[in-house]
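In: Coordinates only, no sequence provided:
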């Protein structure tokens, strides 16, 4: 049984490794699809994306104008920081003296710590009294018959032991301590100011970066939404919609196929290995319990019970693992996503397994069959499996809109902006 | 440390140094009238643990203490004066008493 559990563990690790690789492939495929569907916020690009995918929110959301508005807001925040004298002082210190705000803060912290360390080690509950009574001078007049005299002496000895350089001049010592306390307090104020400048420069950096990437972030956000829409639509329908643009259709088929592949691999693993792992663990626990019971009270186990408990299930498990391996390799090894062009009703499971494996245990496959009761898989013509000719996807018509287009989009809304661009 | 604990500890230390301590002994000399926690009338050595709770500050006024200290300066008597606010433990009290007794022994030796 340990052997079977070992195989299950091995299959689990292997599946995880494969998933990492497939996930990375899928992420890239989604990015490629987003780029292909929405190369920019150019009104023509948005028009094309909507026309290709039917994803109409892009028209109404006026994303270019929103990106431009965010840029304007960021520019205002950046300008507000740059109007602060402290910002330029810090920039000057950085460029002329190599003193970055972080370095400045570190130095001040170090200096303050030095003073604080001295103050902390010099603090003594008797020090102020020794100063007030002018201990160590002829003016100290506490009689030796008083307990306080003895304690003054002990306190003075403790301080002198720590700081022999002061030679018993407690007034000087207290003055030095006061000076250190004041210096530490001043450094604390300087440190607070330096930290505020550090935060301000950090914020400036963040805002500049945010402004630099505004369009990209909005574009990535919009692409992610359109990609989710496209991949959430039934593949056959979307594949047909995209027939007009074969290169984009190929990119879509790859992303769609990889999405299905991830789901199938998980489903296969769960059916053949996940459930087997649960069964094996339950059986292991049951047998351990039985073994412990017989160890506590040795007796002969009835033959029927023994046969039932220790039935050899290895052939069954091996058959399941073999089924897993076969199905998994078939799905995992499939990469001719372009073959999806040749299928009327696109069920990736059948394309990947050539319709030879039963996928009804997979929710996606089961749902597809329910919603397509007349469906039967027909293998695409052999020509569809061949690597298609790279027609290239020319997106040069959809380069970034000019600032004028953006400004007018910002003023009048996306529809108007699109109209203007078309007119120009 | 309570006054009773402190006075008990002092009694032990003073008697170990050879003094015959009478507890709560009335002292009435040269205008100072007070009850000392511990006093050896023959050696004229003792101790007083000054606490507010025991009402010591009524007897041991600044004037009374000044009078006692003037006599100690002249070497006529020696009383270890302990203010409750200065006591922070048995070790410090014992060390102070030891120092006091050593000093008295030295002065008495000189005399």
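Out: Perfect, thanks for sending it. Here the structure is a predicted model, which is why all the values come from computation and not from measurement.

In: Need phi/psi at residue A:55.
Out: Main-chain dihedrals, residue A:55, degrees, to the nearest 10: phi -90, psi 90.

In: hang on, isn't it packed against residue A:49?
Out: Yes: look at residue A:55 against residue A:49 with Cβ atoms under 8 Å: they come within range, at 6.7 Å. (Each C-beta comes from the backbone N, C-alpha and C, glycine too.)

In: neighbour count winner among these two?
Out: Per other Cβ atoms under 10 Å in any protein chain shown, whichever of residue A:55 and residue A:49 has more neighbours is residue A:49, with 24 against 21.

In: picking that back up, joint contacts of residue A:55 and residue A:49?
Out: Listed contacts common to residue A:55 and residue A:49 are residue A:226; contacts here mean Cβ atoms under 8 Å, 6 or more residues apart in numbering or on different chains.

In: Mind jotting down where the helices sit in chain B?
Out: All helices of chain B, identified by DSSP state H, fall at B:3-16, B:56-59, B:62-73, B:90-110.

In: How about the contacts made by residue A:16?
Out: Contacts of residue A:16 (Cβ under 8 Å, 6+ apart): none.

In: Find the nearest non-adjacent residue to the residue in chain A that chain B sits nearest to, please.
Out: Here chain A gets closest to chain B at one residue, residue A:150, 3.7 Å apart by Cβ to the nearest Cβ. Nearest non-adjacent residue to residue A:150, counting by Cβ to Cβ, 6 or more residues apart in numbering or on different chains: residue B:96, 3.7 Å away.

In: Looks like the one you found contacts residue A:145 (just checking).
Out: No: contact criterion Cβ under 8 Å: residue B:96 and residue A:145 do not qualify, at 9.8 Å.

In: and these two? which has more neighbours close in?
Out: Taking neighbours as other Cβ under 10 Å, residue B:96 and residue A:145 compare with residue B:96 leading, 26 against 23.

In: re earlier: any chance of the helices of chain B in JSON lines, plus mean pLDDT?
Out: Shown next, in JSON lines, are the helices of chain B (pLDDT from 0 to 100):
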{"stretch": "helix B:3-16", "mean pLDDT": "90"}
{"stretch": "helix B:56-59", "mean pLDDT": "67"}
{"stretch": "helix B:62-73", "mean pLDDT": "88"}
{"stretch": "helix B:90-110", "mean pLDDT": "89"}
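
In: And the ones you listed: which comes nearest residue A:216?
Out: helix B:90-110 (72.7 Å; Cβ to Cβ).

In: List the contacts of the closest residue to chain A within chain B.
Out: For chain B and chain A, the shortest gap (Cβ to the nearest Cβ) falls at residue B:96, measuring 3.7 Å. Counting by Cβ under 8 Å, 6+ apart, residue B:96 makes contact with A:147, A:150, A:151, B:80, B:82.

In: So which of these are in strands?
Out: If you go by DSSP state E, these have B:80, B:82 in strands.

In: could you dump the contacts of residue B:96 to a markdown table with distance to residue A:157?
Out: Listed next are these as a markdown table, based on distance: Cβ to Cβ, whole Å:
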| residue | distance to residue A:157 |
| --- | --- |
| A:147 | 16 |
| A:150 | 11 |
| A:151 | 11 |
| B:80 | 20 |
| B:82 | 20 |
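
In: want to throw the contacts of residue B:96 into a markdown table with pLDDT, distance to residue A:107 and neighbour count?
Out: Below are these laid out as a markdown table (pLDDT from 0 to 100; distance: Cβ to Cβ, whole Å; neighbours: other Cβ atoms under 10 Å in any protein chain shown):
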| residue | pLDDT | distance to residue A:107 | neighbour count |
| --- | --- | --- | --- |
| A:147 | 91 | 47 | 28 |
| A:150 | 91 | 45 | 23 |
| A:151 | 90 | 41 | 21 |
| B:80 | 95 | 54 | 28 |
| B:82 | 90 | 51 | 27 |
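
In: tell me which of the contacts of residue B:96 is nearest to residue B:11?
Out: residue B:80 (11.6 Å).

In: Ignoring the adjacent residues along the chain, who's closest to the closest one?
Out: Per Cβ to Cβ, 6+ apart, closest to residue B:80 is residue B:47, 4.2 Å.

In: what does chain B put close to chain A?
Out: B:69, B:72-73, B:78-83, B:86-88, B:92-93, B:95-96, B:99-100, B:103 (Cβ under 8 Å from any Cβ of the partner chain).

In: Out of the residues you listed, which end up buried?
Out: B:69, B:72, B:78-83, B:86-87, B:92-93, B:95-96, B:99-100 (16 or more other Cβ atoms under 10 Å in any protein chain shown).
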